[in-house]
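Novice: This is the structure alone, sequence omitted:
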Ligand SMILES: N[C@@H](CCC[C@H](N)C(=O)O)C(=O)O
């Protein structure tokens, strides 16, 4: 894949996403990076030099180059996107409301997610028409191209993306169909998004894990041998599978900063006990209402945050008697507020989601 630096491209006139409101909002983002991606033919991908500007208003009338971008910008080959992140867990959001088929393939998504040869992201999210009475459908491809059932940080980004597309102001909630069923995000007055993440799944075969149940059908503080070391793990599905550990058998409580995630993460992800692979959360208990975690995500590796992971680990901490039902979870990218509510058994996650740049890719 050949990379060529090209002049910064302003795609504002071509994208319907850049409403006046959106432009104004993006304008308030400091050090905004604008990128434009162009793939020419099948093998070449061009990435513009990232432009830093203290305000969107300063990014005006830039030279548009190369010519092939101009030629193709109105054609079907152009993919317009907006990049969002939730605590550094970053996604390319695609307005797919006119079709129930994703606008790009899983292979194309993996190429766009590449941090050296593409836009760079932990995944691509498609905002699609709703099914079964839901307002919208969310589908997501991981950065390796695989398709997970759910994504917590992605839901918050999705909600903010929909609010921009539909020009919704203030507090607003809607329903989303996902691979994990119906999910209900609510945008708060302060811009944070509170999400009803539904009921955690604990039955071993539904997580799925081949580990035998230790508390009825649930896998709680079970032993898992990884690379010759016995870890204690609890398995929870939030629609997608999670393996949560607070440390090794008989070992001290985890100090998550000391972990070599790149080495240990893949060994959990591909462990034979997880037939659908797994996300893994390594957790340090700071107090009964304050937990700290690092995550190795299935299909994406070490990320700065994982919303479903934060929910799953609070469930695990409660089941293991380590924490209360309402916790602050510190992730590498920042904190999330999580509550596993006794009354309805649902988990609620509250946190931010921000737009960071928009662009176009020629496919
Ligand atoms: N980061 C996400 C989870 C994304 C999916 C995950 N990699 C999987 O394959 O299950 C989140 O915020 O929940």
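Specialist: Ah, there it is. What you see is a predicted model, and the numbers here were worked out from it, not measured in a lab.
Novice: If you count neighbours, what's buried in stretch 175-186?
Specialist: By neighbour count on 16 or more other C-beta atoms under 10 Å, the buried set for stretch 175-186 is 176-180, 183-186. In this view, the C-beta of every residue, glycine as well, is placed from N, C-alpha and C.
Novice: ok, that stretch near the ligand or not?
Specialist: No. Using C-beta under 6 Å from any ligand atom, stretch 175-186 stays clear of the ligand, coming no nearer than 9.4 Å.
Novice: now that stretch: mean pLDDT?
Specialist: The average pLDDT within stretch 175-186 is 97.
Novice: So what touches it?
Specialist: 130-139, 147-150, 155-156, 158-159, 171-174, 193-198, 238-240 (C-beta atoms under 8 Å, 6 or more residues apart in numbering).
Novice: Just the ones of those in helices?
Specialist: For the contacts of stretch 175-186, the ones inside helices are 155-156, 158-159, with DSSP state H as the criterion.
Novice: Relative to residue 289, which of these is nearest.
Specialist: Nearest to residue 289 among the ones in helices among the contacts of stretch 175-186 is residue 156, at 21.6 Å by C-beta to C-beta.
Novice: Now do the phi/psi pair for residue 258.
Specialist: phi -90, psi -10 (degrees, to the nearest 10).
Novice: what about it, how many neighbours?
Specialist: 8 (other C-beta atoms under 10 Å).
Novice: What of residue 312?
Specialist: The number of residues near residue 312, taken as other C-beta under 10 Å, comes to 32.
Novice: In contact with it, which residues?
Specialist: Counted by C-beta under 8 Å, 6+ apart, residue 312 has contacts 200, 236-238, 242, 244, 279, 281.
Novice: Leaving out sequence neighbours, find the closest residue to whichever residue of the stretch 1-150 of the chain sits closest to the ligand.
Specialist: When distances are taken as C-beta to the nearest ligand atom, the stretch 1-150 of the chain reaches nearest to the ligand at residue 148, 3.3 Å away. Distances taken as C-beta to C-beta, 6 or more residues apart in numbering place residue 240 nearest to residue 148, at 4.9 Å, with adjacent residues excluded.
Novice: and that neighbour, what does it touch?
Specialist: With C-beta under 8 Å, 6+ apart, residue 240 has these contacts: 148-151, 179-180, 279, 298, 308.
Novice: repeat for residue 187
Specialist: Neighbouring residues of residue 187 by C-beta under 8 Å, 6+ apart: 159-160, 163, 168, 170-173, 193.
Novice: Which members of the contacts of residue 312 additionally contact the ligand?
Specialist: Applying C-beta under 6 Å from any ligand atom to the contacts of residue 312, those adjacent to the ligand are residue 279.
Novice: In a markdown table, list the contacts of residue 312 along with secondary structure and pLDDT.
Specialist: Shown next, in a markdown table, are the contacts of residue 312 (DSSP: H, G, I helix; E, B strand; the rest coil; pLDDT from 0 to 100):
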| residue | secondary structure | pLDDT |
| --- | --- | --- |
| 200 | coil | 98 |
| 236 | strand | 99 |
| 237 | strand | 98 |
| 238 | coil | 98 |
| 242 | strand | 99 |
| 244 | strand | 99 |
| 279 | strand | 99 |
| 281 | strand | 99 |
